[in-house]
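# The sequence isn't on hand, but the structure is:
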C-alpha cells in the first residue's frame with residue numbers, strides 16, 4: 001500500500017512538471033522574442049530622440065522612458081532564459097560526451113580482444129582443424145555459422161566504433177558552438193545591463209526636472225481629466241440613447257407578439273426545450289445577432305489586435321501615482337498609446353459606429369460590439385460616419401499629435417461594457433494581444 005501511495009505521488013508530480021517543461025520556449029523562440037522587443041526599443045528610442053528636441057520635459061516623455069526601461073528589462077529576462085537553455089545544453093552535451101567516451105573505450109577494448117583472439121588463431125590450419133573436428137555434419141554447419149557470425153560481430157564492432165566516434169565528434173562540435181554562443185550572449189547581456197543603467201539615469205533626470213514643475217503638471221492633469229470626463233459623458237449619453245432605442249424596439253416587438261399571441265405561444269412551446277442556458281440579461285443584447293457579436297468579442301479576450309500597427313503604451317489604465325512625485329497622480333479611463341503622427345487607427349473588432357464626436361476640438365469615434373464599446377480618441381481625418389458597419393482592422397481615422405506637442409502621435413483607447421444602464425470601464429490591456 002505504501003509503495004502504491006508513493007507511486008501515485010510520483011506520477012502526480014511528474015504530471016505537473018512535464019507540461020511545465022513542455023511549455024518552455026526554445027532558443028529560437030526566445031531569440032525571436034528578443035529581436036521583436038529590440039525593434040520596439042529602437043522605435044521608442046527614435047521617438048525619444050525626437051522628443052529631446054523639445055527642451056520642456058513632459059509626463060509623456062517620462063512614460064516613454066518608463067516603457068523603454070520595461071522593455072529593456074524584458075530583453076534582459078529573455079537573455080537570462082537563453083542563458084539557462086544554453087547552460088542546460090552544455091550540461092547535456094558534457095554528459096553525452098562522457099557517456100559516448102565510455103562507450104567508445106568499451107567498444108575498443110572489446111574489439112581489441114577479438115583482434116588478439118584472431119591473431120592467436122590466424123593459421124588456416126587451425127580454422128580447418130576447428131571445422132574438421134566436428135562430430136557430425138550438423139555440427140560442422142553450426143561451426144561454419146559460428147565463424148560467420150563471429151566475423152560479422154567483428155565488423156559490427158568496427159562500425160559501432162566509427163558511429164560512436166562520429167557522434168562524439170558531433171557532440172564536441174555542438175559543445176564548442178554552445179560555449180561560443182554563451183560567450184556572445186554574456187556580452188549582449190552585459191551591454192543591455194549598461195544601457196539599462198543609462199536609461200535609469202535618464203529617467204531620474206527627467207523625474208528631477210518634472211518635480212520642479214509639479215504645480216504645472218497638476219494643471220496639465222486637471223485639463224487631461226477634464227477631457228476624459230467629457231469622453232465619459234459622451235459614452236454615457238451614447239449608452240443612454242442606445243438603451244432607449246433598444247427599449248422602444250422591445251415595446252414594438254412586444255406589441256407585435258401580443259397581436260400574434262397564439263402563434264408565438266406555439267413557437268415558444270416547440271423551442272423551449274432546445275434553449276441553452278440564458279446569458280445574464282443585458283438591454284443592448286436584444287437580438288441574437290447582437291448577442292453573437294458580444295460573445296465573439298468576449299471570446300477574443302487577450303486576442304484583439306492593437307488599434308495601431310506600431311505603438312507603445314505610455315499611459316496605463318486606472319489610478320496610479322507619477323513616479324517621484326507623491327502629490328501627482330493620474331487616473332485613466334483607458335490606455336494612452338504612442339505611435340507615429342498620421343498612423344492609421346483601426347477598429348479592434350467588427351461592429352457599428354455609434355458616434356463620431358468632438359471632445360475639446362479633437363475627434364473621437366465610438367464603436368459598438370454588442371454590449372461592448374470601444375472608443376478611439378485624438379484622431380484626425382476620421383473616415384467613418386455614425387451607423388456605419390465596420391470590420392475588424394478597418395481604418396477609423398489617423399493618430400493626431402499628443403497633447404504635449406512633442407512631435408509624437410498619441411491616442412486614447414477605451415473599452416467599455418454596459419452593465420444595467422451604466423458604462424463600466426475595463427482595462428484595455430486585458431483585451432488586446434500582449435506585446
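Sure thing, it's come through. From a predicted model like this one, the values you see are computed outputs, not experimental measurements.

# Any buried residues in stretch 141-158, and which?
143, 154, 157 (16 or more other CB atoms under 10 Å). The way it works is simple: take the backbone N, C-alpha and C, and place the C-beta from them, glycine included.

# Let me know whether my guess that the first one is in a strand holds.
Right, the one you point to is residue 143. No. Read with DSSP: H, G, I helix; E, B strand; the rest coil, residue 143 is helix and lies in no strand.

# From residue 153, how far off is it?
For residue 143, the distance to residue 153 equals 15 Å [CB to CB, to the nearest Å].

# And for residue 385?
In terms of CB to CB, residue 385 sits 86 Å off from residue 153.

# The spatially closest residue to residue 298 that is not a sequence neighbour: how many residues sit nearby?
Once flanking residues are discounted, residue 298 sits nearest to residue 372: 7.9 Å by CB to CB, 6 or more residues apart in numbering. Residue 372: 21 surrounding residues under other CB atoms under 10 Å.

# Which residue is the nearest non-sequential neighbour of residue 311?
Closest to residue 311 by CB to CB, 6+ apart is residue 339, at 3.9 Å.

# ok, now which ones touch that neighbour?
Contact analysis of residue 339 by CB atoms under 8 Å, 6 or more residues apart in numbering lists 308, 310-311, 399, 408-411.

# Quick check on these: which are buried?
308, 311, 399, 408-411.

# closest to residue 283 among those residues?
Set against residue 283, the nearest of the buried ones among the contacts of residue 339 by CB to CB is residue 411 (29.1 Å).

# Quick one: mean pLDDT over the helix or strand harbouring the closest one.
Secondary structure from DSSP states H and E places residue 411 in strand 409-419. Across strand 409-419, pLDDT averages out at 94.

# Name the residues of it that are buried.
For strand 409-419, by 16+ other CB under 10 Å, it's 409-418.

# which regions of the chain lie under the pLDDT threshold?
Within the chain, the set of residues satisfying pLDDT under 70 comprises 1-23, 44-57, 117-132, 147, 150, 259, 261-278, 405-406.

# re earlier: contacting residues around the residue nearest to residue 298?
Residues near residue 372 by CB under 8 Å, 6+ apart: 294, 297-298, 415-418.

# Mind putting those into TSV with distance to residue 366?
Putting the contacts of residue 372 into TSV (distance: CB to CB, whole Å) gives the following:
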residue	distance to residue 366
294	16
297	14
298	19
415	11
416	9
417	13
418	12
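
# and stretch 35-46, how far out from the chain's middle?
Its chain's C-alpha centre and that of stretch 35-46 lie 16 Å apart, by CA atoms, centre = their mean, to the nearest Å.

# If you count neighbours, what's buried in it?
In terms of neighbour count (16+ other CB under 10 Å), stretch 35-46 has its buried residues at 37-38, 40-41, 43-44.

# Residues contacting it, please?
64, 67-68, 71-72, 74-75, 78, 310, 312, 338, 435.

# Tell me the one among these nearest to residue 172.
Nearest to residue 172 among the contacts of stretch 35-46, with distances taken as CB to CB, is residue 78, at 28.4 Å.

# Verify the contact between the closest one and residue 30 for me.
Yes. Taking CB atoms under 8 Å as the definition, residue 78 is a contact partner of residue 30 at 5.5 Å.

# Could you identify the helix or strand that succeeds the helix or strand hosting residue 176?
For residue 176, the host element (DSSP H and E) is helix 137-211. Per DSSP H and E, the first helix or strand lying C-terminal to helix 137-211 is helix 214-259.

# Which neighbouring elements make contact with that next one?
On a contact count with 3 or more CB pairs under 8 Å, 6 or more residues apart in numbering; DSSP states H and E, helix 214-259 meets helix 59-120, strand 325-332, strand 351-359, strand 362-369, strand 372-380, strand 409-419, strand 422-426.

# Nearest to residue 211 among these would be which one?
strand 325-332 (5.9 Å).

# how about TSV for the helices and strands packed on helix 214-259, with distance to residue 224 added?
Below are those laid out as TSV (distance: least, CB to CB, whole Å):
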stretch	distance to residue 224
helix 59-120	9
strand 325-332	7
strand 351-359	12
strand 362-369	12
strand 372-380	11
strand 409-419	9
strand 422-426	16
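
# Going by distance to residue 329, which of the buried residues of stretch 35-46 wins?
residue 44 (24.0 Å).

# Counting neighbours, what do you get for residue 254?
So residue 254, with other CB under 10 Å, has 10 neighbours.

# Same check on residue 162?
For residue 162, using other CB under 10 Å, the count is 11.

# Quickly list the domain ranges of the protein.
As assigned by automatic domain parsing, the chain contains the domains 25-211, 229-263+286-430.

# which of the ones you listed is buried the deepest?
For the domains of the chain, the largest average neighbour count (mean count of other CB atoms under 10 Å) is found in domain 229-263+286-430, namely a mean of 17.

# mind checking the end-to-end distance for that one?
One end of domain 229-263+286-430 to the other measures 22 Å (CA to CA, to the nearest Å).

# starting at the chain centroid, how far to it?
On CA atoms, centre = their mean, the centre of domain 229-263+286-430 falls 23 Å from the chain's centre.

# As TSV, the buried residues of strand 409-419 with distance to residue 164 would be great.
Listed next are the buried residues of strand 409-419 as TSV, based on distance: CB to CB, whole Å:
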residue	distance to residue 164
409	62
410	63
411	63
412	65
413	61
414	65
415	61
416	67
417	65
418	70
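
# Nearest to residue 186, out of the helices and strands packed on helix 214-259?
Using CB to CB, the nearest of the helices and strands packed on helix 214-259 to residue 186 is helix 59-120, at 7.4 Å.

# which other helices and strands contact that closest one?
Looks like helix 59-120 contacts helix 27-51, helix 137-211, helix 214-259, strand 312-315, strand 335-339 (3+ CB pairs under 8 Å, 6+ apart).

# still on that earlier bit, tabulate the contacts of residue 339 (CSV), appending distance to residue 202.
Shown next, in CSV, are the contacts of residue 339 (distance: CB to CB, whole Å):
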residue, distance to residue 202
308, 25
310, 22
311, 21
399, 25
408, 17
409, 22
410, 20
411, 25
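
# For residue 358, state which of those is nearest.
Distances from residue 358 to these, taken as CB to CB, are shortest for residue 411 (15.4 Å).

# how about that closest one, what does it touch?
Contacts of residue 411 by CB under 8 Å, 6+ apart are 307-308, 336-337, 339, 345, 376-379, 399-400.

# Let's see that with 6 Å instead.
Neighbouring residues of residue 411 by CB atoms under 6 Å, 6 or more residues apart in numbering: 337, 345, 378, 399.

# Quick check: the gap between residue 213 and residue 320.
Counting by CB to CB - residue 213 and residue 320 are separated by 20 Å.

# Noted, bye for now.
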